[in-house]
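Participant: Fold the following, please.
(4 chains)
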Protein chains: 2
Amino acid sequence: MLELDQIDCSSLRITKQRQLILDELMSVKSHPTADELYQMVRKRLPKISLGTVYRNLEIMSDCGVIQKLDIGGTQKRFDANAETHYHVRCAKCGKVDDIDMPPDRSVEKEAGKLSKYTIIRHRLEFTGICPACK
Amino acid sequence: MLELDQIDCSSLRITKQRQLILDELMSVKSHPTADELYQMVRKRLPKISLGTVYRNLEIMSDCGVIQKLDIGGTQKRFDANAETHYHVRCAKCGKVDDIDMPPDRSVEKEAGKLSKYTIIRHRLEFTGICPACK
DNA sequence: TTTGGTGCAAAGGCTTTGCAGAAAG
DNA sequence: CTTTCTGCAAAGCCTTTGCACCAAA
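Facilitator: Sure, this is the predicted structure:
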């Protein structure tokens, strides 16, 4: 729940593993799960462990280098683009893509008026059927 | 992933358990997790099992009686209101509330133009700090 | 060196499931 | 009666974590 903690991002080291995980994530426009990323990185660094992938994805998203997506489905997904942007998820195969729509910050102001919460951010997600599943 | 399957909703029976789970869910405006609901129902039906709660929540959301929410955090939450509406989640305590904002279906048309997906629905969620956590 | 990172394997948290008996229709 | 549902407990799936060793700075 506590997602506001600041972690120390200044003492991070650049390890082979961390670099490769980021490289692989940046190389795809899809939004892979930790395990998918693990399979990708393993081709170049066969001895890397799944735990290391999870640990690094966690750290990098805490530091704002990447983004952890909590889209439908059971597994979390990761996005090399840490900026706010919108996504679509295929209801059949679970694939997640970006939607190239400019984020509309005004909805946050509106939501702030309609509730007693102090709004920090918003997230807009679409569900649909991807071209391959049609 | 396959969330489009139709399940047979015509042969459902009205059991004590199912009725109570729905009653409890309808009685709150919060959006409880399966376990929270289990604790609530247990006060009135001490011998109910957690598995039964999960099973019924699954069935009722498949049949469109209730809604399963996939909001941030590790646990799924449930909503007696199956209509499309928006939510806020507190970044500190994880509480989820409704936002009384009319759903804007036009964003779906826009997203359809900007991607190759056939859009089925959208979901808008806010993150903020609830009054109790301020 | 010092401190942070890694691999491994075990543990954890939430959810699903198989099965035999119970209950709804 | 027949079919669906329940309680229980075990299994499953994804993710986190403890520990001893390794490597970056």
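Participant: Not including adjacent chain positions, what is the nearest residue to residue A:25?
Facilitator: residue A:80 (4.6 Å; CB to CB, 6 or more residues apart in numbering or on different chains). Backbone N, C-alpha and C define where each C-beta goes, glycine included.
Participant: That neighbour against residue A:24, yeah?
Facilitator: No. With contact defined as CB atoms under 8 Å, residue A:80 does not count as touching residue A:24 (9.2 Å).
Participant: Who has more neighbours out of these two?
Facilitator: Higher neighbour count among residue A:80 and residue A:24: residue A:24, with 22 against 18, using other CB atoms under 10 Å in any protein chain shown.
Participant: which residues touch that one?
Facilitator: By CB atoms under 8 Å, 6 or more residues apart in numbering or on different chains, residue A:24 lies in contact with A:37, A:40-41, A:44.
Participant: Repeat the analysis, applying 10 Å as the threshold.
Facilitator: Contact analysis of residue A:24 by CB atoms under 10 Å, 6 or more residues apart in numbering or on different chains lists A:32, A:36-45, A:53, A:80.
Participant: Out of those residues, who's the most crowded?
Facilitator: Per-residue neighbour counts (other CB under 10 Å) across the contacts of residue A:24 peak at residue A:53, which has 25 neighbours.
Participant: Distance check, it against DNA strand C.
Facilitator: 8 Å (CB to the nearest atom of the strand, to the nearest Å).
Participant: again, but for residue A:60
Facilitator: 10 Å.
Participant: Quick check: residue A:86 vs residue A:95, distance?
Facilitator: 15 Å (CB to CB, to the nearest Å).
Participant: more neighbours, the two?
Facilitator: A direct count of neighbours by other CB under 10 Å for residue A:86 and residue A:95 places residue A:86 higher, at 23 against 17.
Participant: is chain B contacted by stretch A:100-111?
Facilitator: Yes. Residues of stretch A:100-111 contacting chain B under CB under 10 Å from any CB of the partner chain: A:100-101, A:104, A:107-108, A:110-111.
Participant: Mind listing what's buried along that stretch?
Facilitator: A:101, A:107-108, A:111 (16 or more other CB atoms under 10 Å in any protein chain shown).
Participant: show me the contacts for residue A:68.
Facilitator: A:3, A:31, A:34, A:57-58, A:60-62, A:76-79, A:82, B:72.
Participant: Give me the distance between it and DNA strand C.
Facilitator: Taken as CB to the nearest atom of the strand, the span from residue A:68 to DNA strand C is 16 Å.
Participant: Helix, strand or coil: sort out that residue for me.
Facilitator: strand (DSSP: H, G, I helix; E, B strand; the rest coil).
Participant: Can you name the residues bridging to it?
Facilitator: residue A:78 (DSSP bridges).
Participant: count of neighbours near the residue of chain A at minimum distance from DNA strand D?
Facilitator: In chain A, the residue that lies nearest DNA strand D is residue A:51 (2.9 Å; CB to the nearest atom of the strand). Close neighbours of residue A:51, defined as other CB under 10 Å, add up to 10.
Participant: does it belong to a helix or a strand, and which?
Facilitator: Assessed by DSSP states H and E, residue A:51 sits inside helix A:50-62.
Participant: Show me what that helix is packed up against.
Facilitator: helix A:16-27, helix A:34-42, strand A:67-69, strand A:77-79 (3 or more CB pairs under 10 Å, 6 or more residues apart in numbering or on different chains; DSSP states H and E).
Participant: Since that was my last question, I'll sign off now.
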